[in-house]
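1. Sequence plus the predicted model coming up.
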Amino acid sequence: MKSISICNPKSISATIAFALQSLLQFHHQCHPTPLQSHSPNTLLDEFTASCYRKDLPAAMKALSFMQKHQIWADSVTYSELIKCCLARGAIQEAKLVHKHVFSNGYNPKTFLINTLMNMYAKFNLLNEAQELFDEMPERNVVSWTTMIGAFSNAKMNDKAMEFLILMIRNGIRPNMFTYSSVLGSCNGLPILKQIHCSITKAGLESDVYVRSALIGKYSKWGELQNALTTFNEMETSDLIVWNTIIGAFAQNNNGDEALNLFKRMKKSGFMSDQATLTSVLRAVTGMALLELGRQVHVHVLKYNNQDLILGNALLDMYCKCGSMEDARFEFTKMVEKDVISWSTMINGLAQNGFSHEALKMFQTMEASGSKPNYITMVGILFACSHAGLVEKGRFYFEKMESIYGIKPGREHYGCMVDLLGRAGQLNEAVKLIHTMEPGPDVVTWRTLLSACGMHRDTGLAAYAANRVLELDPEDSGTYSLLSNIYANTQRWEDVEKVRKTMRGKNVKKEPGCSWIEVNKEIHAFIVRDDSHPEIEKIMREVNCYVKRLREVGYVHDTSFVLQDVEGEQMEDPLLCHSEKLAIVYGLMVLVKGKTIRIRKNIRICGDCHLFAKLLAKMENRNIVIRDPIRYHHFQGGVCSCGDYW
DNA sequence: GTAGGGTTAG
């Protein structure tokens, strides 16, 4: 036997306890519990001891003797044994126990039947659970709650709701367990509010489980105000409730509030865990704040530098902040990689304009034995589409089901529509849309619309735009796009018609906005908004740069202007595009050599794209712009998108 | 005996 060294006197008792436990385990391994005696009392003692010791083989052996001799233990012991079976995934053994306690001569208590039901539910054997429920003589709140939880986990939402109503009709009052279970099945805001009312009436609102379930559900329906109110009304909270509320804002694209809550959480004395940090990373990622992201990275390192989920979240953060160098570095450092790690990198590379590297990485992934999933294939097709690799894209699309077993979904069709559309094969793209299995959605039509704009096919564009507006009549972007397309072909009457419709429906064009991070502060530039304290100076600088760039061949690309004006007048709106202000501000305040990183809410226009390319060369500065769909890395007069976006 | 939070997509 190994000697045990004791370094810290304080831990002597713990060490002795550990040694005794090890000795006991060692003894059991060498001398499995003998079953020589068949006297009922000894057998029962042996069975009970095995159950509490969680020695499943010994307990099962004793059970078979007990079955033969019709000897019974108490319901608590059987319940312990079933829990042990559940913990070890021993379904067959659990079924034997079930058979035993239901054989003639024994009357299982309600809580034992509940334990059995719960066990079946956790093993996804809902029919078995329901059979027990249907036949049990007495059902208490736990019996009903167990079934509701089982249906909720299986996403059988209607069934869970039906059981809630039935239990109330049967005179059983739901408790906090019932409500936190049933909340998982609230598939609509009205029902959620109704349940919330019942919770309040029952005085169960203060339970942390119920609260986090409520907050989580409000968040799922985008009801952040309700989520926050529910959170703020809470007197006591725990780490999970904090994580829920932070996650709610992070997932609903309100990174700012998520970060505020994170600060509040730390002030309240809570320590972050894996879930907190993943949400915080997601918040940072959504806002593309690289410097802040690096700060959170330090927190991650302190927590656990080998955590797979956090590693994946970090990869995504660096990709979405447009820093592929960091993403690549982190990726190679990861000790463990899963399909999400690979997919994040493949999608990140593709979106950042490194399509060929993305495809290469896919080969490495396959060679490593990792199997692609639905999202990996989205990345592959996206890479093909943005690199103009029509044949390769077709190949993967046509073979993805037979080779990888992945049925093409809307997103894959979307990439193919994009691929064909970009390559000018608009008719092929339309044909594909009409044959797609899941049916086109707003995004599909918007993709086609974008391709029509690229190839100036106004007839098809109008068709696609109308399909988009049928599905989303509030979509200001589509009205603008359609209006742009008409403007490009000098169809001013049609431009006016579109605007009239917009006015009629009171649809406002989303103003362009660009953000830049300077000294951990975010500076926002919004079109026609002069609230930035240095706006006048910035505008003067923009004009200065435009003049200097003209000398090296910069001519305004006016084809993106959404206005019925010509000549000099036309240039003004372009001058105040938010990304130009943000780029120039970056040049003014960031140290020389530092990459200028900008995130914007609408897609970059051709004029700003050219401006950034020429400026990157003239000032010898790297510029990265992230728009809602993809990234542009400007360096030495070229862009990673190859002017193809 | 029954309950709550986090990572990859156009």
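-> Here it is on my side, so go on.
2. Now do the phi/psi pair for the closest residue to residue A:524 other than its chain neighbours.
-> Nearest non-adjacent residue to residue A:524, counting by C-beta to C-beta, 6 or more residues apart in numbering: residue A:515, 5.3 Å away. In this view, the C-beta of every residue, glycine as well, is placed from N, C-alpha and C. In terms of degrees, to the nearest 10, the main-chain angles of residue A:515 are phi -120, psi 140.
3. so what's residue A:515 bridging to?
-> Listed by DSSP bridges, the beta-bridge partners for residue A:515 are residue A:524, residue A:599.
4. my guess is it meets residue A:526, correct?
-> No: in this structure residue A:515 lies outside contact range of residue A:526 using C-beta atoms under 8 Å: 9.9 Å.
5. Next, the contact list for the nearest residue to residue A:638 once chain neighbours are set aside, please.
-> Nearest non-adjacent residue to residue A:638, counting by C-beta to C-beta, 6+ apart: residue A:613, 6.5 Å away. For residue A:613, the residues meeting the contact criterion (C-beta atoms under 8 Å, 6 or more residues apart in numbering) are A:634, A:637-639.
6. which of the residues in the host helix or strand of residue A:613 are buried?
-> For residue A:613, the host element (DSSP states H and E) is helix A:606-618. Using 16 or more other C-beta atoms under 10 Å as the burial criterion, the residues of helix A:606-618 that qualify are A:606-617.
7. cool, stretch A:586-600 as well?
-> In terms of neighbour count (16+ other C-beta under 10 Å), stretch A:586-600 has its buried residues at A:586-587, A:590, A:595-600.
8. Stretch A:482-500 now?
-> Within stretch A:482-500, the residues that qualify as buried are A:482-488, A:491, A:494-495, A:498-499, counting by 16+ other C-beta under 10 Å.
9. Distance check, the nearest residue to residue A:213 once chain neighbours are set aside against residue A:371.
-> Distance criterion C-beta to C-beta, 6+ apart; nearest residue to residue A:213, sequence neighbours excluded, is residue A:183 at 4.0 Å. Distance, residue A:183 to residue A:371, using C-beta to C-beta, to the nearest Å: 35 Å.
10. Tell me which of those two has more neighbours.
-> Neighbour count, other C-beta atoms under 10 Å: between residue A:183 and residue A:371, residue A:183 has more, with 23 against 12.
11. Does the more buried one touch residue A:215 like I think?
-> No: shown here, residue A:183 and residue A:215 do not form a contact pair, counting by C-beta under 8 Å, at 9.9 Å.
12. on that earlier part again, any idea of the pLDDT on the residue nearest to residue A:213?
-> Listed pLDDT for residue A:183 reads 97.
13. can you name the two of the buried residues of stretch A:482-500 that are farthest apart?
-> A:488 and A:499 (15.5 Å; C-beta to C-beta).
14. Using PDB, write out the CA atom coordinates for stretch A:499-510.
-> Below are the C-alpha coordinates for stretch A:499-510, written out as PDB (Å, rounded to 0.1, in the frame of the first residue of the first chain):
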ATOM      1  CA  ARG A 499     -40.700  55.900 -50.500                       C
ATOM      2  CA  LYS A 500     -44.400  56.600 -50.600                       C
ATOM      3  CA  THR A 501     -45.100  53.000 -49.400                       C
ATOM      4  CA  MET A 502     -42.500  53.500 -46.700                       C
ATOM      5  CA  ARG A 503     -44.200  56.700 -45.600                       C
ATOM      6  CA  GLY A 504     -47.600  55.100 -45.700                       C
ATOM      7  CA  LYS A 505     -46.500  52.300 -43.500                       C
ATOM      8  CA  ASN A 506     -44.500  54.600 -41.400                       C
ATOM      9  CA  VAL A 507     -41.300  52.500 -41.900                       C
ATOM     10  CA  LYS A 508     -38.200  54.500 -41.100                       C
ATOM     11  CA  LYS A 509     -34.900  53.800 -42.600                       C
ATOM     12  CA  GLU A 510     -32.500  52.600 -40.000                       C
END
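15. And it, how far out from the chain middle?
-> Here stretch A:499-510 shows a centroid-to-chain-centroid distance of 33 Å under the convention C-alpha atoms, centre = their mean, to the nearest Å.
16. can you check stretch A:97-106 too?
-> 46 Å.
17. Let me see the ranges of the helices in the stretch 201-350 of chain A.
-> With DSSP state H, counting those that start in this stretch as the criterion, the stretch 201-350 of chain A has helices at A:208-220, A:224-232, A:239-251, A:255-267, A:274-287, A:290-303, A:308-320, A:324-333, A:339-351.
18. Next to DNA strand B, which bits of the stretch 251-400 of chain A? Give me the list.
-> A:251, A:273-276, A:278-279, A:282, A:285, A:307-310, A:312-313, A:316, A:320, A:339-340, A:343-344, A:347, A:350-351, A:373-376, A:378-379, A:382 (C-beta under 7 Å from any atom of the strand).
19. now with 6 Å?
-> Proximity of the stretch 251-400 of chain A to DNA strand B, by C-beta under 6 Å from any atom of the strand, involves residues A:251, A:273-276, A:278-279, A:282, A:309, A:312-313, A:316, A:340, A:343-344, A:347, A:351, A:375, A:378, A:382.
20. What remains of those residues if I keep only buried residues?
-> Neighbour counting by 16+ other C-beta under 10 Å classes A:251, A:274-276, A:278-279, A:282, A:309, A:312-313, A:316, A:340, A:343-344, A:347, A:351, A:375, A:378, A:382 among these as buried.
21. residue contacts, residue A:365?
-> A:342, A:346, A:372, A:376.
22. which residues are contacting stretch A:107-116?
-> A:75, A:78-79, A:82-83, A:94, A:97-98, A:101-102, A:132, A:136, A:138-140, A:142-143, A:146.
23. Show me the shaky parts of chain A.
-> A:1-38, A:558-573, A:644-645 (pLDDT under 70).
24. any chance of the buried residues of stretch A:586-600 in JSON lines, with distance to DNA strand B too?
-> JSON lines is the format used below for these (distance: C-beta to the nearest atom of the strand, whole Å):
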{"residue": "A:586", "distance to DNA strand B": "25"}
{"residue": "A:587", "distance to DNA strand B": "29"}
{"residue": "A:590", "distance to DNA strand B": "27"}
{"residue": "A:595", "distance to DNA strand B": "21"}
{"residue": "A:596", "distance to DNA strand B": "23"}
{"residue": "A:597", "distance to DNA strand B": "17"}
{"residue": "A:598", "distance to DNA strand B": "18"}
{"residue": "A:599", "distance to DNA strand B": "14"}
{"residue": "A:600", "distance to DNA strand B": "16"}
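25. Out of the contacts of residue A:613, which is nearest to residue A:433?
-> Checking the contacts of residue A:613 against residue A:433 by C-beta to C-beta gives residue A:639 as the nearest, at 29.1 Å.
26. Spatially nearest residue to that closest one (excluding sequence neighbours)?
-> Once flanking residues are discounted, residue A:639 sits nearest to residue A:632: 5.0 Å by C-beta to C-beta, 6+ apart.
27. Any chance of the backbone angles for the one you found?
-> Per degrees, to the nearest 10, the backbone of residue A:632 is at phi -130, psi 120.
28. My guess is it contacts residue A:625. True?
-> Yes: using C-beta under 8 Å, residue A:632 makes contact with residue A:625 at a distance of 4.6 Å.
29. Identify the contacts common to those two.
-> Joint contacts of residue A:632 and residue A:625 (C-beta under 8 Å, 6+ apart) are A:604, A:612.
30. what about residue A:384, neighbour count?
-> Counted with other C-beta under 10 Å, residues neighbouring residue A:384 total 26.
31. Burial check on residue A:301, number of neighbours?
-> The tally of other residues near residue A:301 (other C-beta under 10 Å) stands at 11.
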